[in-house]
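Engineer: I would like to see how this sequence folds:
(one chain, ligands or ions: 1)
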Amino acid sequence: MMKEELLESVAYLKNKGFDNPEIGIVLGTGLGKLVDSIEDPIDAHYNHIPFFPLATVEFHTGKLVYGTISGKKVVVMQGRFHLYEGYDFLDITYPIRVMHMLGITKLFISNAAGAVNLDFKKGDMMLIEDHINLQGGSPLAFKGVSEFGERFADMSEPYDVDMRKKLIDIAKENDISLKQGVYASVVGPQLETRAEYRMIKLIGADAVGMSTVPEVIVANHLSLPIVAVSVLTDECDPDNLKPVDINEIISIAEKTEPKMVKLFKELIKQL
Ligand code: HPA
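Structural biologist: All right, here's what the predicted structure looks like:
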């Protein structure tokens, strides 16, 4: 059933000119500007793509943009779907399946996250090495999953080692600070309590956010290599916790964005 829907979504996009993209990119909250670097862009609003989840959230523009960056064909999701908007795991990972069927062979993901590792500061970027799924479900827990790949998907190395190495080198060469750590995903939309931050740190996470992990699980299931970077927008110190300011989170993400754009553009060049 889902396969037919996917084929229709893909047919619509191909018809619009989304021709064999190599790289798929998911842009997180406050991180949408990479699309300004796309040459000869073609966009498709989520609401116009057959069977795409309907875009709702006010912070996102909600479109898929196809074009060229650093000489390579890319397809960029400007705005993603979150569980906290009321979508389910299948909805939020649907676009990953569409981009995969369009032909991408690599996936880049960005997000905004809170720093629970207090050596990390707001405005830092963190390359995700591994993750902890605290969202209480899986995008692979559905009846027809075996049609798409091995049900018991391997997650021993969910983030591509080679692209991670490349990003670390790119950061060094460009004097950009890039931390590395473990990302824990929660549903949200409420922020965490002090007790929750203590727990998240204790179980081994360096950052916490409300996205990314479902997309990464599906990409692994499709054997699609991924690299993911968090912008750390707030410091989650349970012993000195200030009320969160969502506008500050977005403004820190926006300020850090040029560095993220630099990293991604250089990585595209090297692939
Ligand atoms: N939790 C805490 N801080 C954050 C988050 C989150 O999910 N996202 C961005 N900053």
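
Engineer: Can you give me the buried ones in stretch 169-182?
Structural biologist: 170-171, 176, 178-179, 181-182 (16 or more other Cβ atoms under 10 Å). All C-beta atoms are positioned from the backbone trio N, CA, C, and that covers glycine.

Engineer: brain fart, stretch 151-171
Structural biologist: In stretch 151-171, the ones that count as buried by 16+ other Cβ under 10 Å are 153, 158-160, 163-164, 166-167, 170-171.

Engineer: Next: stretch 70-89.
Structural biologist: For stretch 70-89, by 16+ other Cβ under 10 Å, it's 70, 73-83, 85, 87, 89.

Engineer: closest to residue 134 among the buried residues of stretch 151-171?
Structural biologist: Nearest to residue 134 among the buried residues of stretch 151-171: residue 158, at 15.2 Å, using Cβ to Cβ.

Engineer: roughly how far apart are the residue in the chain that the ligand sits nearest to and residue 77?
Structural biologist: The ligand sits closest to residue 114 of the chain, with a gap of 2.3 Å, by Cβ to the nearest ligand atom. Separation of residue 114 from residue 77 (Cβ to Cβ, to the nearest Å): 22 Å.

Engineer: The residue of the chain closest to the ligand contacts residue 196, correct?
Structural biologist: No. With contact defined as Cβ atoms under 8 Å, residue 114 does not count as touching residue 196 (10.7 Å).

Engineer: ok, those two, which is more surrounded?
Structural biologist: residue 114 (25 against 18; other Cβ atoms under 10 Å).

Engineer: which residues does the residue nearest to residue 205 when sequence neighbours are not counted bridge with?
Structural biologist: For residue 205, ignoring the flanking residues on the chain, the nearest one in space by Cβ to Cβ, 6 or more residues apart in numbering is residue 184 at 3.7 Å. Residue 184 forms beta bridges with residue 132, residue 208, as assigned by DSSP bridges.

Engineer: Reformat the buried residues of stretch 169-182 as CSV; add distance to residue 216 and pLDDT.
Structural biologist: Converted to CSV, the buried residues of stretch 169-182 look like this (distance: Cβ to Cβ, whole Å; pLDDT from 0 to 100):
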residue, distance to residue 216, pLDDT
170, 21, 97
171, 21, 96
176, 23, 94
178, 18, 97
179, 18, 98
181, 15, 98
182, 12, 98
